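Trainee: Dropping the sequence and predicted coords here.
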Amino acid sequence: MTTSNHVRFPHLNPLPGGEGANVSLRELPDNVIQADALVKIYAGQRVVDGVSLDIARGECFGLLGPNGAGKTTTLRLLLGLISPDGGRVELLGNAIPEQAREVRQRIGVVPQMDNLDPDFTVAENLLVYGRYFGMTDAAIEARMPELLEFANLAHKRDAKVPTLSGGMKRRLTLARALVNDPEVIFLDEPTTGLDPQARHLIWQRLRELTARGKTLVLTTHFMDEAERLCHRLAVMDNGRIISHGTPRELIAGNIEPEVVEVFGEHAAAWAQSHAAHHAERFEVSGESVFCYVKDAHPLLLELQQHPELRYVHRPANLEDVFLKLTGREMRE
Amino acid sequence: MRTNIFALPQFSLRFLPIWRRNYMVWKKMAGPSILGHLADPVIYMLGLGYGLGGLLPQIGGMSYIAFLSAGTVCYSTMNSASFEALYSGFARMHEQRTWEAILNTPITLDDIVLSEMAWAASKSLLSGIAVLLVIWVLGLSHSLLSLWIIPLALLVGLCFAAMGLIVTALAPGYEFFMYYFTLVITPMTLLCGVFFPVDQLPSVLQIASSILPLTHAVNLARPLLNNAIPAHIVADIAVLAGYALAGYYLSLVLFRKRLAQ
């Protein structure tokens, strides 16, 4: 286990004594997930390579990373759907994967790909899924109005799944994951493929869940999603956690506070000759130049000398951190 | 730690909610489904039984159509379970990702594979009962012993569900099933005494026939419909149950391997 890759997160509400008090989070009963040095190897490749996580009750925790970073595999390891080649997981006090079946009674999962039953209506999907948890039909029916309301699907109760829009299917999948009133909900890219309206509705619902004290663990590659929803984040790449903290900590700890984006066909040439004098760091990507600065003032004055260049000045965000940490090249 | 894919299966009643799910889906299309299961075998039985039967002498003291009816019960139950375990099972596992959804609940792969076995065998049971009704209506069997066809249909269903699930576990796509139907199911249909007695075959083929499970199903069904006690009850049941158990275990190992990816 490498210490550098071992994540020990501070709690949302700092503990008495703070971080410096050397309090081991391991002993706290409020940790719902503890993972130590997880390793998963597929065909000789370390898809997950020494990932350690502690996730506290009631928080929304995000796993961020480009495609192929190992996010979904990490999630599957935490759920006990696959066995690790190294390391250990404890979920709600149960050893995973040994006690995965028992602990799933208290877990909800929203998978990356929709796997609703296409032959069934909205209500039938919830009914059939509830039965998998050993719930009686009466108990499921009693929960049904609340679940449909939560998913904004009360009017679609008897609609068949293929007639639903992408957003409705996602909401039904979310409602289905809540049928057993879980304590922890895992969401694998919950808004991928949705339009902005549908995405905002999902975000609103996820915030309601955290407000109710549910613990959320989600993977995403949408930075605004991570920034809006997650209390804490871990950025993954090549199977490892390369940075972690609150969204604000990640930005403050990894990158200059301000960004000036310069565009235009002359931008690259300008950057070669001038950017280094005015920016702590800059990156050229096609016809755009990203200048990272502590104080943008001198740079903005410089840019006013170049009317052929267009620019945008903005605070640094999570996407800047993400691109800095994982690079700009395409992942396929 | 690694979970052992060779671990013995853990049987539990948790497969029942999945069986109920499949039943709910089936109920929505029960009409065409029953027709499909019934029409094909019955048309074969009537066409060959009366058409070809008119040219043939009695076989072992029974008319050709009565002889053929026992084979039809067996091969239609075989087909029901095989189609369910292959095509529908593959759809649930791969295309619709139904298994993936179920695995996120307190249900294990052992339960899912058991539910597939039970469901495919239920389809066989339905098929067996349907053909048996036709046999009774046509007056081809007057024996109370013919009621034993019902549990036999279930056993044949479990046997062929298990064999089919092995293929499903290995299949990259639906096209792959053609190998199984051409290389396993067709020989089974033609070498196991469905259409003619096995002793018509050359001795090499007779040996091959004796290791195929459908032969043992026919060995049981034919005397039962003809009001006789089968000669080798224990051996025949043992072969069918052996295929069912070995197939269940092997398919489970293969599914564990496949889904661990």
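Mentor: Cool, got the structure. Remember, it's a predicted structure, so these values are computed and weren't measured experimentally. Numbers count the residues shown, from 1 in each chain, chains lettered A, B, ... in the order given.

Trainee: Going along the chain, name the strands of the chain.
Mentor: Using chain A here. Listed in chain order, the strands of chain A (DSSP state E) span A:31-42, A:45-56, A:60-64, A:86-91, A:94-96, A:107-110, A:184-188, A:215-220, A:232-237, A:240-245, A:258-263, A:281-285, A:288-293, A:310-315.

Trainee: Worst mean pLDDT among those?
Mentor: For these, mean pLDDT drops lowest on strand A:281-285, to a mean of 87.

Trainee: Packing partners of it?
Mentor: The helices and strands touching strand A:281-285, judged by 3 or more Cβ pairs under 8 Å, 6 or more residues apart in numbering or on different chains; DSSP states H and E, are strand A:288-293. To be clear about C-beta, it is placed using only N, CA and C from the backbone, and glycine gets the same treatment.

Trainee: Could you figure out how far the strand it packs on is turned away from strand A:258-263?
Mentor: Counting by axes from the mean of the first three to the mean of the last three Cα atoms, to 10 degrees, strand A:288-293 points 160 degrees away from the direction of strand A:258-263.

Trainee: For strand A:288-293, which outside residues touch it?
Mentor: Identification of contacts with strand A:288-293 by Cβ atoms under 8 Å, 6 or more residues apart in numbering or on different chains yields A:255-256, A:258-263, A:267-268, A:270-271, A:275, A:278-283, A:299, A:316, A:320.

Trainee: From those residues, keep the buried residues only.
Mentor: Buried residues within the contacts of strand A:288-293, defined by neighbour count using 16 or more other Cβ atoms under 10 Å in any protein chain shown: A:255-256, A:258-262, A:267-268, A:270-271, A:275, A:278-279, A:282-283, A:299, A:316, A:320.

Trainee: could you pull out the helices for chain B?
Mentor: Secondary structure of chain B (DSSP state H): helices at B:16-28, B:30-46, B:64-83, B:89-90, B:98-103, B:109-137, B:149-170, B:177-180, B:186-191, B:203-211, B:213-225, B:233-259.

Trainee: Show me what counts as buried in the third one.
Mentor: Of the residues in helix B:64-83, those scored as buried under the neighbour-count criterion (16+ other Cβ under 10 Å) are B:64-83.

Trainee: Show the average pLDDT along it.
Mentor: Helix B:64-83 comes out at a mean pLDDT of 95.

Trainee: Next up, the contacts around B:Gln58.
Mentor: B:Gln58 touches B:Tyr64, counting by Cβ under 8 Å, 6+ apart.

Trainee: Around chain B, which positions in the stretch 1-150 of chain A sit nearby?
Mentor: Contact residues (Cβ under 8 Å from any Cβ of the partner chain) of the stretch 1-150 of chain A with chain B: A:42, A:79, A:81-85, A:97-98, A:101-102, A:104-105, A:107, A:109, A:111, A:113-120, A:124, A:128-129, A:131-134.

Trainee: Drop anything exposed from those residues.
Mentor: Buried subset of the residues of the stretch 1-150 of chain A next to chain B (neighbour count, 16+ other Cβ under 10 Å): A:79, A:81-85, A:97, A:101, A:104, A:107, A:109, A:111, A:114-120, A:124, A:128-129, A:131-134.

Trainee: In the stretch 201-332 of chain A, which residue sits nearest chain B?
Mentor: Going by Cβ to the nearest Cβ, chain B is nearest to A:Val217 of the stretch 201-332 of chain A, at 13.2 Å.

Trainee: Within its local environment, how many residues does B:Ile150 see?
Mentor: When neighbours are defined as other Cβ atoms under 10 Å in any protein chain shown, B:Ile150 has 12 of them.

Trainee: hang on, it packs against B:Gly128?
Mentor: Yes. Shown here, B:Ile150 and B:Gly128 form a contact pair, counting by Cβ atoms under 8 Å, at 6.5 Å.

Trainee: in the stretch 51-200 of chain A, which spans are helices?
Mentor: Remark: helices assigned in the stretch 51-200 of chain A by DSSP state H, counting those that start in this stretch are A:71-79, A:100-103, A:122-132, A:137-150, A:166-177, A:196-211.

Trainee: Hey, what's the angle from the first one to strand A:184-188? Just curious.
Mentor: Direction vectors for helix A:71-79 and strand A:184-188, defined by the same axes, to 10 degrees, enclose an angle of 160 degrees.

Trainee: chain center to helix A:71-79, what's the gap?
Mentor: The chain centroid and the centroid of helix A:71-79 are separated by 12 Å, computed with Cα atoms, centre = their mean, to the nearest Å.

Trainee: So which bits of it are buried?
Mentor: Quick answer for helix A:71-79 (16+ other Cβ under 10 Å): A:Lys71, A:Thr72, A:Thr73, A:Thr74, A:Leu75, A:Arg76, A:Leu77, A:Leu78, A:Leu79.

Trainee: same question, the fourth one
Mentor: Counting neighbours by 16+ other Cβ under 10 Å, one finds that the buried residues in helix A:137-150 are A:Ile140, A:Arg143, A:Met144, A:Leu147, A:Leu148, A:Phe150.

Trainee: ok so, going back, which of the buried residues of helix A:71-79 lies closest to chain B?
Mentor: Out of these, the member with the shortest distance to chain B (by Cβ to the nearest Cβ) is A:Leu79, at 7.2 Å.

Trainee: need the contact list for that closest one.
Mentor: A:Leu91, A:Ile96, A:Ala100, A:Arg104, A:Ile107, A:Val109, A:Phe186, B:Asn104.

Trainee: so what's the nearest residue to the fourth one once chain neighbours are set aside up against?
Mentor: Distances taken as Cβ to Cβ, 6 or more residues apart in numbering or on different chains put B:Pro106 closest to A:Arg104, at 4.6 Å, once the chain neighbours are dropped. Contacts here follow Cβ under 8 Å, 6+ apart; on that basis B:Pro106 touches A:Arg101, A:Glu102, A:Arg104, A:Gln105, A:Tyr132, A:Phe133, A:Gly134, B:Arg14.

Trainee: Just flag the most distant two among those.
Mentor: Farthest-apart pair in these is A:Glu102 and A:Tyr132; separation 14.1 Å (Cβ to Cβ).

Trainee: Give me the contact list for stretch A:201-210.
Mentor: Here stretch A:201-210 has contacts from A:58-60, A:150-152, A:167, A:170-171, A:174, A:178, A:185, A:187, A:190-191, A:194, A:216, A:218, A:225, A:228-229, A:231, using Cβ under 8 Å, 6+ apart.

Trainee: Export it to CSV, keeping only CA atoms.
Mentor: C-alpha atoms of stretch A:201-210 as CSV (Å, rounded to 0.1, in the frame of the first residue of the first chain):
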residue,chain,number,x,y,z
LEU,A,201,-34.0,17.1,-12.1
ILE,A,202,-31.8,14.2,-11.2
TRP,A,203,-29.4,16.5,-9.4
GLN,A,204,-32.2,18.0,-7.4
ARG,A,205,-33.4,14.5,-6.4
LEU,A,206,-29.9,13.4,-5.4
ARG,A,207,-29.5,16.5,-3.2
GLU,A,208,-32.8,15.6,-1.6
LEU,A,209,-31.5,12.2,-0.8
THR,A,210,-28.4,13.6,0.9
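
Trainee: show me what contacts B:Thr215?
Mentor: Taking Cβ under 8 Å, 6+ apart, we find B:Thr215 in contact with B:Leu191, B:Cys192, B:Gly193, B:Val198, B:Ser209.

Trainee: distance between stretch A:240-252 and the chain's centre?
Mentor: Relative to its parent chain, stretch A:240-252 has a centroid offset of 12 Å by Cα atoms, centre = their mean.

Trainee: Can you give me the end-to-end span of it?
Mentor: With Cα to Cα, to the nearest Å applied, stretch A:240-252 spans 21 Å between its terminal residues.

Trainee: Give me the buried stretch members for it, please.
Mentor: By 16+ other Cβ under 10 Å, the buried positions in stretch A:240-252 come out as A:Arg240, A:Ile241, A:Ile242, A:Ser243, A:His244, A:Gly245, A:Thr246, A:Pro247, A:Leu250, A:Ile251.

Trainee: Make a markdown table from these and add distance to A:Trp203 to it.
Mentor: Shown next, in a markdown table, are these (distance: Cβ to Cβ, whole Å):
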| residue | distance to A:Trp203 |
| --- | --- |
| A:Arg240 | 28 |
| A:Ile241 | 24 |
| A:Ile242 | 25 |
| A:Ser243 | 23 |
| A:His244 | 22 |
| A:Gly245 | 21 |
| A:Thr246 | 18 |
| A:Pro247 | 14 |
| A:Leu250 | 19 |
| A:Ile251 | 20 |
